[in-house]
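Peer 1: Next come a sequence and a model predicted from it.
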Number of protein chains: 2
Amino acid sequence: MPPDGRFSRRGFLATAGAGAVGLAAVGAGGYVLGRDEDRPAQREPFHGEHQAGVTTPVQDRLVFGAFDLQTSSPAVLRTLLEDWSAAALLMTEGRPVGEVDDNLAAPPVDTGEALGLPAARLTVTFGLGPSLFDRVGLAAQRPAALHELPHFAGDALQPERSGGDLCVQACADDPVVAFHAVRNLARIGFGRVSLRWTQLGFGRTSVTSSGQQTVRNLQGFKDGTNNLHGDDADAMRQFVWVADEEPREWFRGGTYLVARRIRMLVETWDRSSLDDQQQTIGRFKSSGAPLTGEREHDPVDLAATAVDGTPVIPRDAHIRLAGPASNRGRRILRRGFSYTDGIDPRTGELDAGLFFIAFQRDPETGFVAVQRRLAAGDALGEYIVHTGSAVFAVPPGARPGAFVGEGLFT
Amino acid sequence: MPPDGRFSRRGFLATAGAGAVGLAAVGAGGYVLGRDEDRPAQREPFHGEHQAGVTTPVQDRLVFGAFDLQTSSPAVLRTLLEDWSAAALLMTEGRPVGEVDDNLAAPPVDTGEALGLPAARLTVTFGLGPSLFDRVGLAAQRPAALHELPHFAGDALQPERSGGDLCVQACADDPVVAFHAVRNLARIGFGRVSLRWTQLGFGRTSVTSSGQQTVRNLQGFKDGTNNLHGDDADAMRQFVWVADEEPREWFRGGTYLVARRIRMLVETWDRSSLDDQQQTIGRFKSSGAPLTGEREHDPVDLAATAVDGTPVIPRDAHIRLAGPASNRGRRILRRGFSYTDGIDPRTGELDAGLFFIAFQRDPETGFVAVQRRLAAGDALGEYIVHTGSAVFAVPPGARPGAFVGEGLFT
């Protein structure tokens, strides 16, 4: 201890070196505290042709944040996006959001809860809402397919869980790492953006690489069996990444994110019979096989009929209406997470369900087309209610030295 | 497929066998779907002298549920506790809560979301609230030290996050497994109990075994450095387990659980200087060392003074007031988790912090004594607010064939 009983640079460095966090010089100006348990496999690259967090194999945890922009200045938006990309790059490398020094008089540059934790495959994905472009006088740059979602029958959307000028999707295998990302981006944006809503997800319900096992959702069914695989580059080109159809060159290589908070009425579901549940979904609960098969990945035979002529997979079964055969072969890439947010104070029932995220080349032919059909006739509609909704344009990825959304300003 | 296109026992068994879940005959009456990726190390025993989940090395995730009893019948309470123990035993073994069969007409016996997942070190810990005993005419059985907690200065308790006749603390390394436990216990209790509140925790902030690394809380500080170790049997006997001081023999071997939902005013904290933060806690942020040391586990020297005679660890520093030296050497066993529950709609700020759980032999000399001192003078009080509170008597463990709380009825 220095004699005045306070903090000193020497004391700080000794202290830091002695603790669990590693120390790496990054020049004369300061030091960066790294997280020294990282293995390369735990890092997902931030830079690339596309943003990470779309086709990346789904991590275990999600923290999603939607923000309102508090400025009409495109220059302020630009510096915000620059700052956000710089911070996201550091965090996906398992580092704090800036140089950690011993300046006692200033707030620490990083909030610190993730120090000592691995990068945990963190991805930070930025999106731009339909309301953003007019707000900053950039209407001409607005991607062609970015529109507010239409109202669907049965929607019970809560404004405080919907919309937003910007979004951050943070996914990681450690919930503290994901939370740290959104919290520090909110802090960096202080005075320029305010948090509008956040959502935690705690169990992935979809697959995006061919090797991952299908996870069960909170209705107890395997969810995502026929999802696209993120490592299927042809499918991504066909269904996910925006290409020449977009006249604004800056947005090519981007995609569209639709988020829906789908509350499951779990008490009602849990009291319904196994038969009701399976007929509602169109799959067997135990195996996940379609009602026309015995194994999970057996084909969904929508034409199969029982001896009395009725379809084996009911006309209103969820997989019939949601599947690509009912959607002219169009597909979306799902990246869903289970959530539970305690008790609904009005009913005393659990507020739990699915935070549904889908990526697509065009929301109108992707999510909107599917949801119109589901809202009109899906048997599952009796057991769920959509309580939150948002759509965002997800810009292409950034090259090293550039930032996500830079094309907006050129 | 059977010709009627529906579900059959034969089809079900083939289906189940083909899926990811294993199948084990448990007698002529039915089948149990096990989770076939279990390793023995992922299971925590349910039976024992004490309940699991107290000294068990802290798992990564928490789902805590508090319940109101909907009956005044001790016989109904007894069957509820029997049913809960039976289900908890199965779940801690990685099994569904009952035999899974092909009865299409009935709701599935298990909600199913954890099928295929490992036991994930699940522990299920039951507690009995102060309000329970009068309600069922068992006042004579009420443990001697079980009283409602007093009001503390600065408390801003929300009734909908406080109290309860019964509690279930489910801890696991997988949040779906922990959620599944509370959900299925709520379902089993339908008509006898209703959920009063739940709380998710997503990052442990304490240690209970000597090998575990100290985790940082959402203020970015290592939290739990000087916590008791659950594998220190002498300390557990001295500070945690109720013994002969309890005249009611049935409760010996039990303990008391205090839960406090401590919201951190993170935006304010994040804007305070490093010096303020360190003087508030009494530790260095980077290393976790006390201000009188250089390494995390260096001793906290409360007597050390700077050249000007002021104490190095300030008089109102959190570790001075919370530590055992200020509490006549008495200790509590902490088992805390970080939480974040989205945005406070009144302020637009994050509702995040610490779900604090402590176990002790007597709340009055444990948590209450510490909290009285903290509420009166802790510098940290400026940055936190207690928004939920509850206390429960945690009965001793059950032997095989018995159930938790059985002693209440003898």
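Peer 2: Now that the structure is in, tell me what you want to look at. Residues are numbered from 1 along each chain as shown, chains lettered A, B, ... in the order given.
Peer 1: For chain A, which segments count as helices?
Peer 2: Secondary structure of chain A by DSSP state H: the helices cover A:9-18, A:74-92, A:130-135, A:175-188, A:233-239, A:266-270, A:274-281, A:318-322, A:367-377.
Peer 1: now the fourth one and helix A:74-92, what's the angle there?
Peer 2: Yep, that's helix A:175-188 we're talking about. For the pair helix A:175-188 and helix A:74-92, the angle between their directions (axes from the mean of the first three to the mean of the last three Cα atoms, to 10 degrees) equals 160 degrees.
Peer 1: So which of the helices of chain A is the most surrounded?
Peer 2: Per residue and on average, the most neighbours among the helices of chain A fall to helix A:175-188, with a mean of 25 (mean count of other Cβ atoms under 10 Å in any protein chain shown). Every C-beta, even on glycine, is put in place using the N, C-alpha and C of the backbone.
Peer 1: Relative to chain B, how far out is A:L104?
Peer 2: The span separating A:L104 from chain B equals 4 Å under the rule Cβ to the nearest Cβ, to the nearest Å.
Peer 1: Show me the beta-bridge partners of A:S338.
Peer 2: As for beta bridges, A:S338 partners with A:G203, A:L354 under DSSP bridges.
Peer 1: ok, it - how many residues close by?
Peer 2: Here the neighbour count serves as a burial measure; for A:S338 (other Cβ atoms under 10 Å in any protein chain shown) it reads 26.
Peer 1: doesn't A:Q219 make contact with it?
Peer 2: No: taking Cβ atoms under 8 Å as the definition, A:S338 is not a contact partner of A:Q219, at 9.8 Å.
Peer 1: Mind listing the shared neighbours of these two?
Peer 2: Taking Cβ atoms under 8 Å, 6 or more residues apart in numbering or on different chains as the contact criterion, the common neighbours of A:S338 and A:Q219 are B:E113.
Peer 1: Just give me the neighbour total for A:S162.
Peer 2: A count of nearby residues for A:S162, using other Cβ under 10 Å, gives 21.
Peer 1: For chain B, what is the nearest residue in the stretch 51-200 of chain A?
Peer 2: At 2.3 Å from chain B, A:G112 is the closest residue in the stretch 51-200 of chain A, using Cβ to the nearest Cβ.
Peer 1: if I look at that residue, how far off is B:P247?
Peer 2: 48 Å (Cβ to Cβ, to the nearest Å).
Peer 1: Which one's more surrounded, the two?
Peer 2: Counting neighbours by other Cβ under 10 Å for A:G112 and for B:P247 shows that A:G112 has the greater number, 26 against 9.
Peer 1: For the more buried one, what are phi and psi?
Peer 2: Its backbone dihedrals place A:G112 at phi 90, psi -10, with angles given as degrees, to the nearest 10.
Peer 1: which residue sits closest to it, ignoring its sequence neighbours?
Peer 2: Distance criterion Cβ to Cβ, 6 or more residues apart in numbering or on different chains; nearest residue to A:G112, sequence neighbours excluded, is B:G220 at 2.3 Å.
Peer 1: Which among the helices of chain A is found nearest to B:L302?
Peer 2: With distances scored as Cβ to Cβ, the stretch of the helices of chain A nearest to B:L302 is helix A:9-18 (18.9 Å).
Peer 1: Give me the mean pLDDT for that closest one.
Peer 2: Per-residue pLDDT values across helix A:9-18 average out to 31.
Peer 1: any weak-confidence spans in chain A?
Peer 2: Counting by pLDDT under 70, chain A shows low-confidence ranges at A:1-41, A:204-212.
Peer 1: show me where it has strands.
Peer 2: In chain A, the strands defined using DSSP state E lie at A:22-25, A:31-34, A:61-69, A:123-128, A:166-172, A:193-201, A:203-204, A:215-216, A:222-223, A:255-264, A:333-334, A:337-343, A:350-360, A:384-394.
Peer 1: Please work out which of the ones you listed is packed deepest.
Peer 2: strand A:166-172 (a mean of 28).
Peer 1: Okay, now the sheet partners of it, with direction.
Peer 2: strand A:61-69 (antiparallel), strand A:123-128 (antiparallel).
Peer 1: Dump the shortest one to CSV, keeping only the CA atoms.
Peer 2: I take that to be strand A:123-128. Output of strand A:123-128 as CSV, limited to C-alpha atoms (Å, rounded to 0.1, in the frame of the first residue of the first chain):
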residue,chain,number,x,y,z
THR,A,123,-21.7,-11.7,-31.1
VAL,A,124,-23.1,-8.2,-31.3
THR,A,125,-25.5,-7.5,-34.1
PHE,A,126,-26.8,-4.0,-34.9
GLY,A,127,-30.1,-3.2,-36.6
LEU,A,128,-31.8,0.0,-37.8
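Peer 1: angle of that strand against strand A:350-360?
Peer 2: Computed by the same axes, to 10 degrees, the angle separating strand A:123-128 from strand A:350-360 equals 80 degrees.
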